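Participant: Make a model of this:
(4 chains)
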2 protein chains.
Amino acid sequence: MKTDEEKLEEARNKITTMMANTMDLYGIPPSIGRLYATLYFSDGPMTLDELKEAMGMSKTSMSTGVRKLENDHFINKVWEKGVRKDLYEAQTDFFKSFVAFYCKMWFREIELNMEAIKKAEPILKELTNSKNLEVKEKAQKDMVKLSNAKEYYEWLKTLVISLENGEIFDFIPKK
Amino acid sequence: MKTDEEKLEEARNKITTMMANTMDLYGIPPSIGRLYATLYFSDGPMTLDELKEAMGMSKTSMSTGVRKLENDHFINKVWEKGVRKDLYEAQTDFFKSFVAFYCKMWFREIELNMEAIKKAEPILKELTNSKNLEVKEKAQKDMVKLSNAKEYYEWLKTLVISLENGEIFDFIPKK
DNA sequence: TTGTTTGTACAGTTTTTATTGTATAAATAG
DNA sequence: CTATTTATACAATAAAAACTGTACAAACAA
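Facilitator: Here you go, the predicted structure:
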(Lines give C-alpha, C1' and ligand atoms only; values in the text may rest on other atoms or scores of the structure.)
Protein backbone atom coordinates (compact mmCIF):
# COMPACT_ATOMS: atom_id res chain seq x y z
CA MET A 1 0.00 0.00 0.00
CA LYS A 2 1.35 3.36 -1.05
CA THR A 3 1.37 6.35 1.23
CA ASP A 4 -0.32 9.53 0.09
CA GLU A 5 3.07 11.17 -0.29
CA GLU A 6 4.08 8.41 -2.67
CA LYS A 7 0.88 8.79 -4.64
CA LEU A 8 1.45 12.52 -5.02
CA GLU A 9 4.97 11.76 -6.19
CA GLU A 10 3.58 9.26 -8.69
CA ALA A 11 1.12 11.77 -10.14
CA ARG A 12 3.78 14.45 -10.41
CA ASN A 13 6.18 11.99 -12.01
CA LYS A 14 3.74 11.32 -14.82
CA ILE A 15 3.56 15.01 -15.61
CA THR A 16 7.29 15.49 -15.14
CA THR A 17 8.16 12.72 -17.59
CA MET A 18 5.77 14.12 -20.14
CA MET A 19 7.21 17.61 -19.74
CA ALA A 20 10.75 16.31 -20.24
CA ASN A 21 9.55 14.71 -23.48
CA THR A 22 7.60 17.67 -24.82
CA MET A 23 10.25 20.23 -23.95
CA ASP A 24 12.60 18.16 -26.05
CA LEU A 25 10.47 19.39 -28.98
CA TYR A 26 11.57 22.90 -28.03
CA GLY A 27 15.25 22.06 -28.04
CA ILE A 28 15.43 21.67 -24.27
CA PRO A 29 17.31 18.55 -23.12
CA PRO A 30 15.24 16.17 -20.97
CA SER A 31 17.22 16.86 -17.80
CA ILE A 32 16.48 20.57 -18.12
CA GLY A 33 12.85 19.69 -18.85
CA ARG A 34 12.71 17.93 -15.49
CA LEU A 35 14.33 20.96 -13.95
CA TYR A 36 11.45 23.01 -15.31
CA ALA A 37 8.95 20.49 -13.91
CA THR A 38 10.57 20.80 -10.50
CA LEU A 39 9.93 24.53 -10.57
CA TYR A 40 6.45 23.97 -11.99
CA PHE A 41 5.40 21.91 -8.96
CA SER A 42 7.32 23.93 -6.41
CA ASP A 43 5.26 25.86 -3.87
CA GLY A 44 7.39 28.92 -4.47
CA PRO A 45 10.51 30.17 -6.21
CA MET A 46 13.65 28.11 -5.73
CA THR A 47 17.36 28.84 -5.51
CA LEU A 48 20.13 27.14 -7.48
CA ASP A 49 21.14 25.24 -4.36
CA GLU A 50 17.62 23.98 -3.77
CA LEU A 51 17.38 22.90 -7.40
CA LYS A 52 20.75 21.19 -7.18
CA GLU A 53 19.48 19.31 -4.16
CA ALA A 54 16.15 18.41 -5.74
CA MET A 55 17.66 17.27 -9.04
CA GLY A 56 20.81 15.62 -7.70
CA MET A 57 22.87 17.49 -10.24
CA SER A 58 25.73 19.95 -10.13
CA LYS A 59 25.16 23.60 -9.40
CA THR A 60 26.88 24.49 -12.67
CA SER A 61 24.25 22.51 -14.57
CA MET A 62 21.51 24.29 -12.65
CA SER A 63 23.07 27.61 -13.57
CA THR A 64 23.25 26.85 -17.29
CA GLY A 65 19.85 25.17 -17.18
CA VAL A 66 17.97 28.08 -15.67
CA ARG A 67 19.70 30.46 -18.07
CA LYS A 68 18.41 28.47 -21.01
CA LEU A 69 14.91 28.15 -19.56
CA GLU A 70 14.79 31.85 -18.74
CA ASN A 71 16.04 32.74 -22.20
CA ASP A 72 13.23 30.67 -23.72
CA HIS A 73 10.67 32.26 -21.35
CA PHE A 74 9.74 29.07 -19.56
CA ILE A 75 10.84 30.42 -16.19
CA ASN A 76 11.43 33.82 -14.59
CA LYS A 77 14.00 35.16 -12.20
CA VAL A 78 12.25 36.76 -9.25
CA TRP A 79 13.31 38.89 -6.38
CA GLU A 80 12.37 38.43 -2.77
CA LYS A 81 13.06 40.84 0.05
CA GLY A 82 15.90 39.71 2.26
CA VAL A 83 16.88 36.79 0.05
CA ARG A 84 20.38 37.03 -1.26
CA LYS A 85 20.33 34.13 -3.67
CA ASP A 86 18.81 34.24 -7.13
CA LEU A 87 15.28 32.87 -7.19
CA TYR A 88 13.53 31.21 -10.09
CA GLU A 89 9.90 30.35 -10.65
CA ALA A 90 8.14 28.52 -13.46
CA GLN A 91 6.00 30.44 -15.91
CA THR A 92 2.81 28.47 -15.22
CA ASP A 93 0.79 30.49 -17.73
CA PHE A 94 1.41 28.46 -20.85
CA PHE A 95 -0.22 31.10 -23.03
CA LYS A 96 2.47 33.54 -22.03
CA SER A 97 5.24 31.02 -22.62
CA PHE A 98 3.82 30.19 -26.03
CA VAL A 99 3.59 33.80 -27.11
CA ALA A 100 7.01 34.78 -25.82
CA PHE A 101 8.76 31.70 -27.16
CA TYR A 102 7.39 31.82 -30.68
CA CYS A 103 7.54 35.57 -31.05
CA LYS A 104 11.21 35.44 -30.24
CA MET A 105 11.96 32.45 -32.44
CA TRP A 106 9.95 33.57 -35.43
CA PHE A 107 11.18 37.13 -35.17
CA ARG A 108 14.73 35.85 -35.32
CA GLU A 109 13.89 33.67 -38.29
CA ILE A 110 12.23 36.55 -40.15
CA GLU A 111 15.17 38.80 -39.43
CA LEU A 112 17.78 36.33 -40.66
CA ASN A 113 15.76 35.59 -43.75
CA MET A 114 15.06 39.15 -44.77
CA GLU A 115 18.71 40.00 -44.20
CA ALA A 116 19.91 37.18 -46.46
CA ILE A 117 17.36 38.01 -49.14
CA LYS A 118 18.38 41.65 -49.08
CA LYS A 119 21.94 40.58 -49.87
CA ALA A 120 21.09 37.95 -52.47
CA GLU A 121 18.36 39.73 -54.40
CA PRO A 122 20.43 42.55 -55.97
CA ILE A 123 22.96 40.00 -57.21
CA LEU A 124 20.23 37.88 -58.76
CA LYS A 125 18.55 40.91 -60.27
CA GLU A 126 21.77 41.85 -62.00
CA LEU A 127 22.13 38.28 -63.30
CA THR A 128 18.72 38.39 -64.97
CA ASN A 129 20.56 40.40 -67.66
CA SER A 130 23.42 37.92 -67.93
CA LYS A 131 24.80 36.99 -71.33
CA ASN A 132 25.08 33.47 -69.94
CA LEU A 133 21.57 32.22 -70.71
CA GLU A 134 21.72 29.33 -68.29
CA VAL A 135 22.68 31.62 -65.43
CA LYS A 136 20.09 34.15 -66.55
CA GLU A 137 17.30 31.57 -66.40
CA LYS A 138 18.40 30.26 -63.02
CA ALA A 139 18.56 33.76 -61.61
CA GLN A 140 15.04 34.45 -62.82
CA LYS A 141 13.75 31.29 -61.18
CA ASP A 142 15.56 32.08 -57.96
CA MET A 143 14.00 35.55 -57.91
CA VAL A 144 10.56 33.96 -58.01
CA LYS A 145 11.46 31.65 -55.14
CA LEU A 146 12.74 34.51 -53.01
CA SER A 147 9.65 36.52 -53.81
CA ASN A 148 7.50 33.66 -52.50
CA ALA A 149 9.67 33.40 -49.43
CA LYS A 150 9.21 37.10 -48.74
CA GLU A 151 5.46 36.73 -48.99
CA TYR A 152 5.57 33.97 -46.39
CA TYR A 153 7.77 35.94 -44.03
CA GLU A 154 5.49 38.96 -44.32
CA TRP A 155 2.66 36.70 -43.25
CA LEU A 156 4.69 35.27 -40.38
CA LYS A 157 5.45 38.79 -39.22
CA THR A 158 1.75 39.54 -39.11
CA LEU A 159 1.22 36.40 -37.07
CA VAL A 160 3.93 37.45 -34.63
CA ILE A 161 2.33 40.87 -34.25
CA SER A 162 -1.08 39.37 -33.56
CA LEU A 163 0.51 37.21 -30.86
CA GLU A 164 2.30 40.18 -29.35
CA ASN A 165 -0.76 42.41 -29.16
CA GLY A 166 -3.07 39.55 -28.22
CA GLU A 167 -5.35 39.94 -31.22
CA ILE A 168 -4.90 36.26 -32.01
CA PHE A 169 -7.14 35.62 -29.00
CA ASP A 170 -9.97 37.48 -30.68
CA PHE A 171 -9.81 34.96 -33.48
CA ILE A 172 -9.11 31.94 -31.29
CA PRO A 173 -10.51 32.77 -27.85
CA LYS A 174 -9.08 31.35 -24.66
CA LYS A 175 -12.60 30.27 -23.56
CA MET B 1 36.35 39.91 -61.75
CA LYS B 2 33.80 37.23 -60.92
CA THR B 3 32.03 35.24 -63.58
CA ASP B 4 28.26 35.21 -63.63
CA GLU B 5 28.29 31.58 -62.50
CA GLU B 6 30.31 32.61 -59.47
CA LYS B 7 27.93 35.45 -58.73
CA LEU B 8 24.96 33.09 -58.86
CA GLU B 9 26.79 30.76 -56.52
CA GLU B 10 27.49 33.67 -54.19
CA ALA B 11 23.84 34.69 -54.06
CA ARG B 12 22.70 31.13 -53.45
CA ASN B 13 25.32 30.68 -50.76
CA LYS B 14 23.91 33.59 -48.78
CA ILE B 15 20.50 31.97 -48.77
CA THR B 16 21.92 28.51 -48.10
CA THR B 17 23.87 29.67 -45.06
CA MET B 18 20.81 31.41 -43.70
CA MET B 19 18.67 28.31 -44.23
CA ALA B 20 21.19 26.12 -42.43
CA ASN B 21 20.98 28.53 -39.50
CA THR B 22 17.21 28.89 -39.37
CA MET B 23 16.52 25.18 -39.83
CA ASP B 24 18.64 24.68 -36.75
CA LEU B 25 15.75 26.35 -34.91
CA TYR B 26 13.61 23.45 -36.08
CA GLY B 27 15.95 20.79 -34.76
CA ILE B 28 17.54 20.17 -38.14
CA PRO B 29 21.35 20.02 -38.07
CA PRO B 30 23.08 22.59 -40.30
CA SER B 31 24.38 20.01 -42.77
CA ILE B 32 20.85 18.75 -43.34
CA GLY B 33 19.72 22.35 -43.65
CA ARG B 34 22.19 22.78 -46.49
CA LEU B 35 20.87 19.57 -47.98
CA TYR B 36 17.44 21.16 -48.00
CA ALA B 37 18.86 24.30 -49.63
CA THR B 38 20.42 22.16 -52.35
CA LEU B 39 16.99 20.78 -53.18
CA TYR B 40 15.45 24.23 -52.84
CA PHE B 41 17.65 25.63 -55.61
CA SER B 42 17.64 22.49 -57.75
CA ASP B 43 15.88 22.75 -61.09
CA GLY B 44 14.10 19.48 -60.45
CA PRO B 45 13.90 16.55 -58.05
CA MET B 46 17.19 14.90 -57.10
CA THR B 47 18.31 11.38 -56.25
CA LEU B 48 20.35 10.31 -53.24
CA ASP B 49 23.38 9.89 -55.46
CA GLU B 50 23.04 13.36 -56.92
CA LEU B 51 22.68 14.80 -53.43
CA LYS B 52 25.69 12.83 -52.25
CA GLU B 53 27.66 14.31 -55.13
CA ALA B 54 26.41 17.85 -54.55
CA MET B 55 27.01 17.77 -50.80
CA GLY B 56 30.21 15.76 -50.75
CA MET B 57 28.79 13.56 -48.04
CA SER B 58 28.05 9.87 -47.68
CA LYS B 59 24.97 8.32 -49.21
CA THR B 60 23.96 7.05 -45.78
CA SER B 61 23.84 10.61 -44.49
CA MET B 62 21.74 11.62 -47.47
CA SER B 63 19.37 8.77 -46.75
CA THR B 64 18.88 9.70 -43.10
CA GLY B 65 18.81 13.41 -43.97
CA VAL B 66 16.01 13.17 -46.50
CA ARG B 67 14.05 10.95 -44.14
CA LYS B 68 14.19 13.60 -41.46
CA LEU B 69 13.36 16.41 -43.87
CA GLU B 70 10.47 14.44 -45.33
CA ASN B 71 9.20 13.58 -41.88
CA ASP B 72 9.17 17.26 -40.98
CA HIS B 73 7.45 18.14 -44.28
CA PHE B 74 10.27 20.24 -45.67
CA ILE B 75 10.70 18.02 -48.72
CA ASN B 76 8.61 15.47 -50.62
CA LYS B 77 9.40 12.19 -52.25
CA VAL B 78 8.19 12.28 -55.84
CA TRP B 79 7.77 9.74 -58.57
CA GLU B 80 8.90 10.10 -62.14
CA LYS B 81 8.07 7.77 -64.98
CA GLY B 82 10.97 5.53 -65.93
CA VAL B 83 13.18 6.63 -63.03
CA ARG B 84 14.08 3.83 -60.72
CA LYS B 85 15.74 5.83 -57.97
CA ASP B 86 13.91 7.68 -55.26
CA LEU B 87 13.47 11.35 -56.09
CA TYR B 88 13.15 14.21 -53.67
CA GLU B 89 12.08 17.79 -54.14
CA ALA B 90 11.93 20.73 -51.74
CA GLN B 91 8.61 21.98 -50.52
CA THR B 92 9.01 25.54 -51.78
CA ASP B 93 5.63 26.64 -50.46
CA PHE B 94 6.63 27.74 -46.99
CA PHE B 95 3.02 28.14 -45.94
CA LYS B 96 2.48 24.44 -46.48
CA SER B 97 5.65 23.53 -44.61
CA PHE B 98 4.64 25.76 -41.73
CA VAL B 99 1.18 24.29 -41.45
CA ALA B 100 2.31 20.68 -41.76
CA PHE B 101 5.25 21.06 -39.41
CA TYR B 102 3.43 22.78 -36.56
CA CYS B 103 0.25 20.76 -36.86
CA LYS B 104 2.26 17.61 -36.42
CA MET B 105 4.42 18.94 -33.62
CA TRP B 106 1.64 20.58 -31.65
CA PHE B 107 -0.69 17.66 -32.14
CA ARG B 108 1.92 15.38 -30.66
CA GLU B 109 2.44 17.75 -27.76
CA ILE B 110 -1.28 17.99 -27.06
CA GLU B 111 -1.63 14.24 -27.21
CA LEU B 112 1.23 13.56 -24.81
CA ASN B 113 -0.03 16.18 -22.44
CA MET B 114 -3.63 15.11 -22.34
CA GLU B 115 -2.53 11.53 -21.87
CA ALA B 116 -0.33 12.38 -18.89
CA ILE B 117 -3.02 14.56 -17.35
CA LYS B 118 -5.59 11.81 -17.72
CA LYS B 119 -3.34 9.55 -15.69
CA ALA B 120 -2.33 12.09 -13.07
CA GLU B 121 -5.64 13.79 -12.44
CA PRO B 122 -7.56 10.88 -10.83
CA ILE B 123 -4.69 10.30 -8.41
CA LEU B 124 -4.63 13.97 -7.45
CA LYS B 125 -8.39 14.08 -7.12
CA GLU B 126 -8.27 11.21 -4.66
CA LEU B 127 -5.55 12.98 -2.70
CA THR B 128 -7.70 16.09 -2.23
CA ASN B 129 -9.38 13.98 0.49
CA SER B 130 -6.11 12.93 2.09
CA LYS B 131 -5.77 12.89 5.85
CA ASN B 132 -2.29 14.24 5.30
CA LEU B 133 -3.06 17.93 5.14
CA GLU B 134 0.18 18.88 3.45
CA VAL B 135 -0.40 16.37 0.66
CA LYS B 136 -4.03 17.44 0.41
CA GLU B 137 -3.11 21.05 -0.10
CA LYS B 138 -0.44 20.23 -2.67
CA ALA B 139 -2.86 18.02 -4.58
CA GLN B 140 -5.39 20.82 -4.69
CA LYS B 141 -2.83 23.25 -6.03
CA ASP B 142 -1.65 20.74 -8.61
CA MET B 143 -5.23 20.22 -9.78
CA VAL B 144 -5.48 23.94 -10.48
CA LYS B 145 -2.25 23.87 -12.44
CA LEU B 146 -3.38 20.94 -14.56
CA SER B 147 -6.70 22.63 -15.15
CA ASN B 148 -4.87 25.67 -16.53
CA ALA B 149 -2.71 23.42 -18.66
CA LYS B 150 -5.81 21.78 -20.11
CA GLU B 151 -7.26 25.15 -20.98
CA TYR B 152 -4.08 26.02 -22.88
CA TYR B 153 -3.99 22.74 -24.74
CA GLU B 154 -7.64 23.12 -25.73
CA TRP B 155 -6.70 26.47 -27.21
CA LEU B 156 -3.69 25.00 -28.99
CA LYS B 157 -5.93 22.32 -30.46
CA THR B 158 -8.20 25.02 -31.87
CA LEU B 159 -5.17 26.73 -33.38
CA VAL B 160 -4.07 23.47 -34.99
CA ILE B 161 -7.53 22.97 -36.45
CA SER B 162 -7.60 26.48 -37.89
CA LEU B 163 -4.23 25.78 -39.54
CA GLU B 164 -5.44 22.46 -40.92
CA ASN B 165 -8.60 23.84 -42.47
CA GLY B 166 -6.95 27.09 -43.51
CA GLU B 167 -9.26 29.33 -41.51
CA ILE B 168 -6.23 31.01 -40.00
CA PHE B 169 -5.75 32.68 -43.37
CA ASP B 170 -9.14 34.37 -43.02
CA PHE B 171 -7.81 36.04 -39.90
CA ILE B 172 -4.28 36.62 -41.18
CA PRO B 173 -4.52 36.75 -44.98
CA LYS B 174 -1.69 35.70 -47.25
CA LYS B 175 -2.02 39.02 -49.16
C1' DT C 1 16.51 -17.92 -62.74
C1' DT C 2 20.90 -14.87 -62.01
C1' DG C 3 23.13 -10.45 -61.86
C1' DT C 4 22.58 -5.39 -60.87
C1' DT C 5 21.04 -1.54 -58.70
C1' DT C 6 19.21 0.93 -54.83
C1' DG C 7 18.20 2.20 -50.12
C1' DT C 8 19.03 1.44 -45.43
C1' DA C 9 20.54 -1.21 -41.10
C1' DC C 10 24.34 -1.54 -38.39
C1' DA C 11 28.83 -0.98 -36.16
C1' DG C 12 32.57 1.99 -35.62
C1' DT C 13 34.35 6.73 -35.61
C1' DT C 14 34.25 11.57 -35.22
C1' DT C 15 32.18 15.58 -33.64
C1' DT C 16 29.19 18.04 -30.73
C1' DT C 17 26.67 18.72 -26.59
C1' DA C 18 25.83 17.95 -21.70
C1' DT C 19 27.68 17.60 -17.21
C1' DT C 20 30.95 18.07 -13.59
C1' DG C 21 34.60 20.00 -10.37
C1' DT C 22 37.56 23.66 -9.61
C1' DA C 23 38.75 28.36 -9.58
C1' DT C 24 37.44 33.02 -9.35
C1' DA C 25 35.10 37.47 -9.50
C1' DA C 26 31.27 40.04 -7.74
C1' DA C 27 28.33 40.90 -4.06
C1' DT C 28 27.15 40.91 0.69
C1' DA C 29 27.92 40.65 5.75
C1' DG C 30 30.27 41.64 9.74
C1' DC D 1 38.33 46.64 5.69
C1' DT D 2 38.19 41.32 5.65
C1' DA D 3 35.22 37.01 5.69
C1' DT D 4 31.99 34.63 3.44
C1' DT D 5 28.61 33.60 0.11
C1' DT D 6 26.98 33.21 -4.53
C1' DA D 7 26.96 32.62 -9.48
C1' DT D 8 29.47 31.55 -13.35
C1' DA D 9 33.79 30.97 -16.44
C1' DC D 10 36.68 27.49 -17.71
C1' DA D 11 38.85 23.03 -18.51
C1' DA D 12 38.18 18.19 -18.25
C1' DT D 13 35.14 14.29 -18.77
C1' DA D 14 30.98 11.78 -20.04
C1' DA D 15 27.18 11.19 -23.03
C1' DA D 16 24.74 11.89 -27.21
C1' DA D 17 24.41 12.87 -31.93
C1' DA D 18 26.19 13.11 -36.54
C1' DC D 19 28.61 10.88 -40.04
C1' DT D 20 30.91 7.10 -42.59
C1' DG D 21 31.88 2.53 -44.79
C1' DT D 22 30.42 -1.99 -45.17
C1' DA D 23 27.05 -5.38 -45.65
C1' DC D 24 22.79 -6.87 -47.05
C1' DA D 25 17.89 -7.21 -48.38
C1' DA D 26 14.46 -5.68 -51.62
C1' DA D 27 13.44 -4.30 -56.14
C1' DC D 28 14.32 -4.61 -60.73
C1' DA D 29 16.57 -6.22 -65.26
C1' DA D 30 17.94 -9.57 -68.37
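
Participant: can you map out the strands along chain A?
Facilitator: In chain A, the strands defined using DSSP state E lie at A:75-78, A:87-90.

Participant: Quick one: the helices in chain A, in order.
Facilitator: Ranges of helices in chain A, per DSSP state H, are A:4-24, A:30-41, A:48-55, A:59-71, A:94-127, A:133-164, A:168-171.

Participant: Tabulate those helices (TSV), appending mean neighbour count and mean pLDDT.
Facilitator: In this view, the C-beta of every residue, glycine as well, is placed from N, C-alpha and C. TSV is the format used below for the helices of chain A (neighbours: other C-beta atoms under 10 Å in any protein chain shown; pLDDT from 0 to 100):
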stretch	mean neighbour count	mean pLDDT
helix A:4-24	19	97
helix A:30-41	21	98
helix A:48-55	16	98
helix A:59-71	16	98
helix A:94-127	17	98
helix A:133-164	16	98
helix A:168-171	15	97
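
Participant: could these go into a markdown table alongside distance to B:Thr158?
Facilitator: Output for those, formatted as a markdown table (distance: least, C-beta to C-beta, whole Å):
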| stretch | distance to B:Thr158 |
| --- | --- |
| helix A:4-24 | 18 |
| helix A:30-41 | 24 |
| helix A:48-55 | 35 |
| helix A:59-71 | 27 |
| helix A:94-127 | 13 |
| helix A:133-164 | 15 |
| helix A:168-171 | 10 |
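
Participant: Of these, which is nearest B:Val99?
Facilitator: Among the helices of chain A, the nearest to B:Val99 by C-beta to C-beta is helix A:133-164 (11.1 Å).

Participant: thinking again about what came up before, just the strands of chain A: most buried one?
Facilitator: Comparing the strands of chain A by mean neighbour count (mean count of other C-beta atoms under 10 Å in any protein chain shown), strand A:87-90 ranks first with a mean of 20.

Participant: how much space between the spatially most central residue of chain A and A:Leu69?
Facilitator: Closest residue to the average C-alpha location of chain A: A:Phe101 at 3.6 Å, with C-alpha atoms, centre = their mean. Per C-beta to C-beta, to the nearest Å, A:Phe101 is found 11 Å from A:Leu69.
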